[in-house]
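In: prediction below, plus the sequence it came from.
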Amino acid sequence: MPAADLMTPAPDIATLLALLGAGPWAVLTGAGLSTGSGIPAYRDRHGQWQHSKPIQHQEFLGSEAMRRRYWARSFVGWQTMSRAQPNAGHRAIAQLEARGLVSTVITQNVDSLHHHAGSQSVIELHGSIARVRCLSCQQRYSRAQVQVLLQDRNPEFDPMLRLDFHAAPDGDAHLEDQHHASFQVPACPACQGVMKPDVVFFGDNVPRDRVAAASQAVENASALLVVGSSLSVYSGFRFAEQAHRLGKPVLAINQGATRADALLSAKLELDCSEALAQLLSASLDAGQATGP
């Protein structure tokens, strides 16, 4: 089914399901899906940034002070990220995949909640905050391991005493400068190199192999469903452009404007978790499945 030139006004779940077709669909998710798990979104419904300026890739690489700032804030923010659990939306996507209706989840999120929900085919465009990599020897560590190293180097810095912070969807926490000026950042235990979370910072590029895999998933899918993303960042918007160019329906579940509104066949302005649970229920009622 070719993508419509004009978006269908105020569609319901049945309309969305009909436009998606028999599948399998590619699903592109953003921070709006994880708000139901207690992780805030980057932007409001108008696309306006809601947090302090995020750290840039070159700032992290070039400044020890910026690395102290990042790790102090992440040390606190990890309390939110590590406790987050998949919500009904994540679980619905995993069940839609199990039914053969979803082929691939392409996520801009770094919270790994799709994996925790049971999704099998997940492309993490921006990596995962649960992993840390040494920039010198490429040794990888779990974020939990690095949290212990951070605590050992900063025994007086108790993140549990700073629970009044404002969190961000990348695991950052908004702390005043005095909280991180003396923060001690451990080096890689294997080679004493600089450790960095295994995520794509702003100003860096998504690895080519991930872009290629996601592009192939969109090409093979019958439709693209965007969930909880304004698509303001090109790393996600490119796939909406690709699907539209290929004549595939592009649909969205998102509360607020998206950069791809002109490309959409339909958009549901509902809570992501609620809408996905309804979509799963509607597919079950319709007996819609291509998998076992």
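Out: Here it is on my side, so go on.
In: now stretch 30-47: mean pLDDT?
Out: Across stretch 30-47, pLDDT averages out at 77.
In: no, scratch that, I was asking about stretch 261-274
Out: Regarding stretch 261-274, the rounded mean pLDDT is 95.
In: residues of that stretch that come out buried?
Out: Neighbour counts over stretch 261-274 (16 or more other Cβ atoms under 10 Å) mark Leu263, Leu264, Ser265, Ala266, Lys267, Leu268, Leu270, Asp271, Cys272, Ser273, Glu274 as buried. Any C-beta I mention is one placed from the backbone N, CA and C, and that applies to glycine too.
In: what about the closest residue to the last one other than its chain neighbours, neighbour count?
Out: Excluding its sequence neighbours, the residue lying closest to Glu274 (Cβ to Cβ, 6 or more residues apart in numbering) is Ala88, at 7.5 Å. For Ala88, the number of neighbouring residues by other Cβ atoms under 10 Å comes to 19.
In: now do Ser74
Out: For Ser74, the tally of surrounding residues (other Cβ under 10 Å) stands at 24.
In: could I have the CA atoms of the one helix or strand it maps to written out in CSV?
Out: In this assignment (DSSP states H and E), Ser74 forms part of helix 64-83. Output of helix 64-83 as CSV, limited to C-alpha atoms (Å, rounded to 0.1, in the frame of the first residue of the first chain):
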residue,chain,number,x,y,z
GLU,A,64,38.9,15.7,31.6
ALA,A,65,36.6,18.2,33.3
MET,A,66,33.7,17.2,31.0
ARG,A,67,34.3,13.5,31.7
ARG,A,68,34.1,14.3,35.4
ARG,A,69,30.9,16.1,34.8
TYR,A,70,29.5,13.3,32.7
TRP,A,71,30.4,10.5,35.1
ALA,A,72,29.2,12.3,38.2
ARG,A,73,25.8,12.9,36.7
SER,A,74,25.6,9.4,35.2
PHE,A,75,26.6,7.9,38.6
VAL,A,76,23.5,9.5,40.0
GLY,A,77,21.3,9.0,37.0
TRP,A,78,22.0,5.3,36.8
GLN,A,79,19.7,4.9,39.8
THR,A,80,16.7,5.7,37.5
MET,A,81,17.9,3.7,34.5
SER,A,82,18.9,0.6,36.4
ARG,A,83,15.5,0.3,38.1
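In: could you give me the average pLDDT of that helix?
Out: The predicted model gives helix 64-83 an average pLDDT of 89.
In: other residues contacting whatever helix or strand comes next after it?
Out: Next in sequence after helix 64-83, counting helices and strands by DSSP H and E, comes helix 88-98. With contacts defined as Cβ atoms under 8 Å, 6 or more residues apart in numbering, helix 88-98 is touched by 27, 29, 33-34, 36-37, 86, 102-103, 105, 113-114, 116-121, 227-228, 272-277, 279-280, 283, 291.
In: restricted to helices, list the residues you listed.
Out: 33-34, 113-114, 116-117, 272-277, 279-280, 283 (DSSP state H).
In: let's see the PyMOL selection covering just the buried ones among those.
Out: Buried residues among the ones in helices among the contacts of helix 88-98 (16+ other Cβ under 10 Å), as a PyMOL selection:
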select buried, resi 33+34+113+114+116+117+272+273+274+275+276+277+279+280+283
